[in-house]
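> Sequence below, structure please.
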Amino acid sequence: MAQDSVDLSCDYQFWMQKLSVWDQASTLETQQDTCLHLAQFQEFLRKMYEALKEMDSNTIIERFPTIGQLLAKACWNPFILAYDESQKILIWCLCCLINKEPQNSGQSKLNSWIQGVLSHILSALRFDKEVALFTQGLGYAPIDYYPGLLKNMILSLASELRENHLNGFNTQRRMAPERVASLSRVCVPLITLPDVDPLVEALLICHGREPQEILQPEFFEAVNEAILLKKISLPMSAVVCLWLRHLPSLEKAMLHLFEKLISSERNCLRRIECFIKDSSLLRFALKTYFPYTSPSLAMVLLQDPQDIPRGHWLQTLKHISELLREAVEDQTHGSRGGAFESWFLFIHFGRWAEMVAEQLLMSAAEPPAALLWLLAFYYGPRDGRQQRAQTMVQVKAVLGHLLVMSRSSSLSAQDLQTVAGQDTDTDPRAPAQQLIRHLLLHFLLWAPGGHTIAWDVITLMAHTAEITHEIIGFLDQTLYRWNRLGIESPRSEKLARELLKELRTQV
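Model (predicted):
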């Protein structure tokens with residue numbers, strides 16, 4: 001080991017002198033000498049890396065105070081950079097110099113300088129005159145040669161990360177976490193460059209055995225930003241790894257999606273569905289979003305109403321209500337995620353949630369308490385047990401009046417408003433008021449006499465822009481659901497489309 005150290009020091013001085021000569025001369029003899037010694041210089045770099053990776057950055061500077069000069073001279077020599085193997089070894093040597101936690105301005109400046117050199121290696125898109133002559137002699141144009149060189153070097157680094165050992169250095173030892181962290185820091189300014197995607201992907205899917213995250217936060221942030229702005233395209237597995245490994249990136253992706261939904265046509269469900277699918281955020285496993293949900297509730301909600309006979313929908317909704325009520329109100333066996341997670345899971349499968357009111361209005365018998373509870377919970381998830389019970393009583397009374405009115409030969413818009421309590425001073429934004437408005441809209445679409453007074457009722461109901469948007473959203477959502485479930489009701493569908501078209505001209 002001592003002899004190896006002496007040999008390395010002697011070699012170090014030799015190559016330092018060589019690089020100085022190569023740097024100062026550009027004669028044909030100098031070029032020929034560079035090419036003649038490249039294989040030996042690469043071997044020296046391999047030995048240097050093997051030594052550097054065993055030391056921390058402070059020890060390296062103490063042992064080799066001019067190491068930065070040596071590596072810089074090599075990095076700016078076009079003939080050395082003409083070999084992707086040289087580029088790769090130089091990158092790893094430079095990564096060894098990076099101080100993971102700089103303690104002073106000198107160490108911070110060194111880190112910045114190293115990142116600049118690394119950026120030069122990976123992103124320089126021009127060749128000096130000497131390399132142009134060299135590549136032309138090989139039958140390549142520089143514009144064709146460099147992209148291939150960069151691509152090969154990137155693929156080589158990505159391969160090493162995936163296999164988690166340094167094939168090129170004939171060692172089976174695992175790649176040190178510090179080196180992976182350094183490489184992620186280096187990649188930050190290079191993420192959107194062509195052909196760098198494989199390296200970014202390899203870093204994201206590279207999981208070590210360390211208890212803490214080793215990739216740099218700024219790397220995650222830069223990759224996430226590039227994905228959201230469509231500057232790079234990565235496989236779904238890599239994107240999911242990014243969001244699961246760095247929750248702030250997942251949060252930003254969610255906020256980005258919400259901003260797009262709010263700024264777009266918020267009442268067009270087909271556009272909303274396209275935005276959501278394009279964002280890739282519903283492609284996680286259900287357990288990722290709802291870790292504490294009971295398996296039985298998840299299984300029943302996963303059933304598509306389209307796959308269940310229509311006559312069994314009511315029974316399925318009752319079963320869903322029982323499971324949700326147990327999760328929300330049973331303190332002994334309740335879900336650890338609380339009422340909000342249960343509610344969010346319920347609306348995630350919106351086709352079940354949105355058919356509750358229709359089932360209540362179509363039932364000639366006593367309104368089932370299970371469906372009344374489900375409706376109250378859907379519109380008021382934050383309500384307590386007592387407040388939800390009051391809402392159930394209120395909804396039951398409105399349903400009774402609507403059932404009587406459905407048998408009447410003559411209906412008036414004002415009578416319907418009065419029965420539903422929509423002409424009172426109650427806050428129209430209250431969940432119970434929104435629930436009742438939606439009951440009225442369902443009644444207008446399904447009750448035979450409701451079609452004749454539909455526009456009059458909506459005119460009385462939509463006395464604010466907010467309520468008008470709410471009604472537009474309800475109608476669009478209803479038409480969308482009918483289409484997905486194959487529900488055929490030509491008269492109701494025609495009425496809904498006419499109302500939707502008229503309302504959209506007013507906003």
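> Give me the residue ranges of the stretch 1-150 of the chain where confidence is low.
Scanning the stretch 1-150 of the chain for pLDDT under 70 picks out 1-7, 24-26, 82-84, 122-150.
> Repeat that for the stretch 201-350 of the chain.
208-210, 263-273, 283-284, 288-289, 331-338.
> What segments of it are helices?
Secondary structure of the stretch 201-350 of the chain (DSSP state H, counting those that start in this stretch): helices located at 217-228, 236-245, 247-263, 269-279, 286-289, 295-302, 313-329, 338-348, 350-354.
> Out of these, which gets nearest to E502?
helix 269-279 (18.7 Å; CB to CB). C-beta: built from backbone N, CA, C; applies to glycine.
> Assign a three-state SS to L193, would you?
Put simply, L193 is coil when judged by DSSP: H, G, I helix; E, B strand; the rest coil.
> ditto for D383
Under three-state DSSP, D383 comes out as coil.
> And it, its phi and psi?
When read as degrees, to the nearest 10, the backbone of D383 gives phi -70, psi 150.
> Contacts only, for it.
Taking CB atoms under 8 Å, 6 or more residues apart in numbering, we find D383 in contact with A376, F377, T391, P431.
> which of the residues you listed count as buried?
By neighbour count, with 16 or more other CB atoms under 10 Å, those hold A376, F377, T391, P431 as buried.
> Go through the contacts of D383 and flag which are in helices.
A376, F377, T391, P431 (DSSP state H).
> Surely the first one is in contact with T391?
The reference is to A376. Yes: using CB atoms under 8 Å, A376 is in contact with T391, at 4.2 Å.
> Run the chain-centre distance for stretch 474-486.
Here stretch 474-486 is found 28 Å from its chain centre; the criterion is CA atoms, centre = their mean, to the nearest Å.
> Please identify the buried residues of it?
F474, L475, D476, T478, L479, Y480, R481, W482, L485.
> In contact with the second one: list those residues for me.
What it means is L475. L441, A496, L499, L500, L503.
> For the second one, which three-state class applies?
Reducing the assignment to helix, strand or coil with three-state DSSP, the entry for A496 is helix.
> Could you pull up the contacting residues of it?
A496 is in contact with L445, L475, T478, L479, counting by CB under 8 Å, 6+ apart.
> just to revisit the earlier point, how about the helices of the stretch 201-350 of the chain, which one is nearest C206?
Here helix 236-245 is closest among those (CB to CB), at 9.0 Å.
> Quick one: list the elements packing against the closest one.
Using 3 or more CB pairs under 8 Å, 6 or more residues apart in numbering; DSSP states H and E, the elements in contact with helix 236-245 are helix 197-205, helix 217-228, helix 247-263.
> Buried deepest among these, which one?
With neighbours defined by mean count of other CB atoms under 10 Å, none of the helices and strands packed on helix 236-245 is more surrounded on average than helix 197-205, at a mean of 22.
> helices or strands next to it in the packing?
helix 142-163, helix 177-186, helix 217-228, helix 236-245.
> among these, which is the most enclosed?
Mean neighbour count (mean count of other CB under 10 Å) peaks for helix 177-186 among the helices and strands packed on helix 197-205, with a mean of 21.
> Please work out the average pLDDT along that helix.
On average, the pLDDT along helix 177-186 is 78.
> which outside residues touch that helix?
So helix 177-186 is contacted by 53, 91-92, 95-96, 98, 100, 115, 118-119, 122, 157, 161, 203, 206, 208, 210, 214-216, 218-219 (CB under 8 Å, 6+ apart).
> element containing the closest residue to C75 other than its chain neighbours, please.
Of all residues not flanking C75 in the chain, V117 sits nearest, at 5.3 Å (CB to CB, 6 or more residues apart in numbering). Secondary structure from DSSP states H and E places V117 in helix 105-123.
> I'd like the secondary structure assignment at the nearest residue to K18 once chain neighbours are set aside, please.
In space, and not counting its chain neighbours, K18 is closest to H37: 6.7 Å by CB to CB, 6+ apart. Under the three-state scheme (three-state DSSP), H37 adopts helix.
> Surely H37 is in contact with V21?
No: contact criterion CB under 8 Å: H37 and V21 do not qualify, at 10.6 Å.
> who's more crowded, those two?
Taking other CB atoms under 10 Å, H37 and V21 do not tie; H37 has more neighbours (16 against 11).
> Would you format the buried residues of stretch 474-486 as a markdown table with pLDDT, secondary structure and distance to L402 included?
Listed next are the buried residues of stretch 474-486 as a markdown table, based on pLDDT from 0 to 100; DSSP: H, G, I helix; E, B strand; the rest coil; distance: CB to CB, whole Å:
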| residue | pLDDT | secondary structure | distance to L402 |
| --- | --- | --- | --- |
| F474 | 90 | helix | 16 |
| L475 | 92 | helix | 19 |
| D476 | 89 | helix | 23 |
| T478 | 88 | helix | 17 |
| L479 | 89 | helix | 22 |
| Y480 | 85 | helix | 24 |
| R481 | 85 | helix | 21 |
| W482 | 86 | helix | 20 |
| L485 | 79 | helix | 23 |
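> Identify, from these, the entry nearest to L199.
For those, the nearest to L199 is Y480 (42.1 Å; CB to CB).
> could the buried residues of stretch 474-486 go into TSV alongside distance to Q303?
Shown next, in TSV, are those (distance: CB to CB, whole Å):
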residue	distance to Q303
F474	24
L475	26
D476	25
T478	21
L479	23
Y480	19
R481	16
W482	19
L485	13
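> out of the residues you listed, which one sits closest to R63?
When the buried residues of stretch 474-486 are compared against R63 (criterion: CB to CB), the nearest one is Y480, at 68.8 Å.
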